[in-house]
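*Asks:* predicted model follows, preceded by the sequence.
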Amino acid sequence: MKFSLMFFSNSYPEEAGGPYAVISEIAQYGDRHGFEAVWMPERHFHTLGGIYPNPAVVAAYLAAATEKIRLRAGSVVVPLHHPAEIVESWSVVDQLSDGRVDLALASGWNVNDFVLSPSTYADLRNIWLERIDEIRRLWRGHRVAYPNGDQVPTEIVTYPRPVQPEPNLWLTASKQPETFRKAGELGMNVLTMLAGISLEQLADKVRLYRQGRDEAGHDPAAGTVTLMLHTFVHDNIDVVHGAVRGPFLQYIKTSLLSHLQGKAVDVGRQLSPAEIDDMAEYSFERYFSTAALFGSVEGTRKFALSAAAAGVDEIACLLDYGPSLADIRANLPYLAELKRSFEPVTA
């Protein structure tokens with residue numbers, strides 16, 4: 001099992017130096033302690049994750065502050081951007097980091113995000129999948145034709161050229177089984193989450209991913225399945241519960257409201273505060289016991305082993321869902337210990 005660090009939501013406005021100093025601090029910790037990667041999301045127009053409108057900019061900042069840890073988009077919302085724009089931006093980061101860039105590519109879902117590209121929302125899934133091949137070809141230095149300002153097809157090559165000759169790509173997949181199969185067919189990795197499903201149900205989707213790879217002629221044993229998990233590891237379970245309960249309940253409520261805001265259809269009526277509280281409480285109890293990396297090193301190791309049995313190769317540890325920065329700092333040494341428990345023992 002490999003372990004990486006993931007950012008998604010919090011902004012820590014009260015911290016000296018602002019949120020990006022906090023992100024840099026945690027990324028540097030991951031760099032020193034051998035974590036696989038650090039993931040930055042793309043989020044728009046909401047306090048939840050609003051400090052990440054462009055993960056390439058944050059990754060460029062981290063490139064100068066780190067040496068070995070990989071810098072990953074988690075994820076680029078492909079239908080919001082021209083493929084050449086994606087490749088240009090991340091090629092800069094690949095240059096700055098000496099070839100440490102990886103990209104997860106997502107379809108997007110929040111209708112309000114698409115003020116940036118209204119014309120792509122209606123067909124976002126097809127556009128997302130079609131642009132993957134264009135991103136690969138541009139990254140490799142191939143000439144690709146697009147209409148210019150006069151609508152004349154014009155071949156372009158993007159610059160700067162990236163350090164890595166081939167992009168290392170993840171497909172962001174959650175609920176739809178066919179997305180896992182498609183990731184396999186495309187020879188991509190998978191970034192996923194336990195969005196209302198169990199590890200057993202995830203295992204079924206991972207099998208579809210491996211089948212897709214095999215049927216498309218890719219090595220079925222290759223490819224990485226990365227599972228995003230909310231994380232807090234400590235040797236005292238009371239500390240864990242106290243650190244995550246309040247922030248995680250608020251995180252769930254904010255996420256729920258953001259989701260409802262982003263739905264394109266009428267939900268029929270507004271949920272009452274009591275209904276939202278009940279949904280948050282139910283979600284918290286489920287997450288705490290069955291869908292998060294919460295607990296002691298020993299307890300979280302058992303969960304990680306269960307995830308491995310379900311076909312997961314890497315856990316992306318989501319840290320910034322609401323715990324205080326002091327609590328996150330206190331959790332990091334235990335998380336590093338968990339990571340080390342999966343490393344080969346050398347003579």
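*Replies:* Noted; the coordinates are in hand. Residues are numbered from 1 along each chain as shown.

*Asks:* going by C-alpha atoms from here, please, whenever you check contacts or count neighbours.
*Replies:* Fine.

*Asks:* what sits against residue 162?
*Replies:* Contact partners of residue 162, counting by Cα atoms under 8 Å, 6 or more residues apart in numbering, are 90-92, 94-95, 99, 139.

*Asks:* these in helices, which ones?
*Replies:* Residues from these lying in helices, with DSSP state H as the criterion: 90-92, 94-95, 139.

*Asks:* and for the residue nearest to residue 147 when sequence neighbours are not counted, the neighbour number?
*Replies:* Once flanking residues are discounted, residue 147 sits nearest to residue 153: 4.2 Å by Cα to Cα, 6 or more residues apart in numbering. Around residue 153 there are 12 other residues, counting by other Cα atoms under 10 Å.

*Asks:* now the residue nearest to residue 54 when sequence neighbours are not counted: phi and psi?
*Replies:* Spatial nearest neighbour of residue 54, chain neighbours left out: residue 42 (5.7 Å); criterion: Cα to Cα, 6+ apart. The phi/psi pair for residue 42 (degrees, to the nearest 10) reads phi -120, psi 120.

*Asks:* so where's the chain shaky on pLDDT?
*Replies:* Within the chain, the stretches with pLDDT under 70 are 11-14, 16, 255, 257-270, 346-347.

*Asks:* could you redo the last one with a cut-off of 80?
*Replies:* Counting by pLDDT under 80, the chain contains low-confidence residues at 9-17, 47-49, 248, 251-273, 277, 282-283, 285-287, 345-347.

*Asks:* for it, just list every one of the helices.
*Replies:* Using DSSP H, the helices found in the chain span residues 18-32, 55-65, 83-96, 124-140, 177-185, 199-215, 237-262, 273-286, 297-309, 325-340.

*Asks:* can you get me a residue count around the closest residue to residue 78 other than its chain neighbours?
*Replies:* Counting by Cα to Cα, 6+ apart, residue 128 is the residue found nearest to residue 78 once chain neighbours are left out, at 5.5 Å. When neighbours are defined as other Cα under 10 Å, residue 128 has 22 of them.

*Asks:* quick one: the residue nearest to residue 147 and residue 19, what's the gap?
*Replies:* Here residue 153 is placed at a distance of 42 Å from residue 19 (Cα to Cα, to the nearest Å).

*Asks:* cool, residue 79 as well?
*Replies:* 27 Å.

*Asks:* who has more neighbours out of these two?
*Replies:* Neighbours per residue (other Cα under 10 Å) separate residue 79 from residue 19, with residue 79 holding more: 27 against 16.

*Asks:* so the more buried one makes contact with residue 116?
*Replies:* No. Using Cα atoms under 8 Å, residue 79 makes no contact with residue 116, being 9.5 Å away.

*Asks:* quick one: residues contacting residue 132.
*Replies:* Counting by Cα under 8 Å, 6+ apart, residue 132 has no contacts.

*Asks:* the closest residue in space to residue 277 that isn't next to it in sequence: neighbour count?
*Replies:* Using Cα to Cα, 6+ apart and skipping the chain neighbours, the partner closest in space to residue 277 is residue 253 (7.4 Å). Neighbourhood size, residue 253 [other Cα under 10 Å]: 20.

*Asks:* residue 253 contacts residue 275, doesn't it?
*Replies:* No. Between residue 253 and residue 275 there is no contact under Cα under 8 Å: 10.4 Å.

*Asks:* just give me the residue right at the centre of this structure.
*Replies:* residue 74 (3.3 Å; Cα atoms, centre = their mean).

*Asks:* list the contacts of that residue.
*Replies:* 6, 39-42, 55, 103-105.

*Asks:* including distance to residue 158 and neighbour count, could those go into JSON lines?
*Replies:* Formatted as JSON lines, those follow (distance: Cα to Cα, whole Å; neighbours: other Cα atoms under 10 Å):
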{"residue": "6", "distance to residue 158": "29", "neighbour count": "27"}
{"residue": "39", "distance to residue 158": "24", "neighbour count": "24"}
{"residue": "40", "distance to residue 158": "23", "neighbour count": "28"}
{"residue": "41", "distance to residue 158": "23", "neighbour count": "25"}
{"residue": "42", "distance to residue 158": "22", "neighbour count": "20"}
{"residue": "55", "distance to residue 158": "19", "neighbour count": "23"}
{"residue": "103", "distance to residue 158": "17", "neighbour count": "23"}
{"residue": "104", "distance to residue 158": "20", "neighbour count": "24"}
{"residue": "105", "distance to residue 158": "19", "neighbour count": "24"}
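
*Asks:* just checking, which of these belong to strands?
*Replies:* 6, 39-40, 103-105 (DSSP state E).

*Asks:* can you pick out the most distant pair from those residues?
*Replies:* 6 and 105 (15.3 Å; Cα to Cα).

*Asks:* how near is the residue nearest to the centre of the chain to residue 334?
*Replies:* 24 Å.

*Asks:* what are the phi and psi angles of residue 47?
*Replies:* Dihedral pair for residue 47: phi -60, psi -30, per degrees, to the nearest 10.
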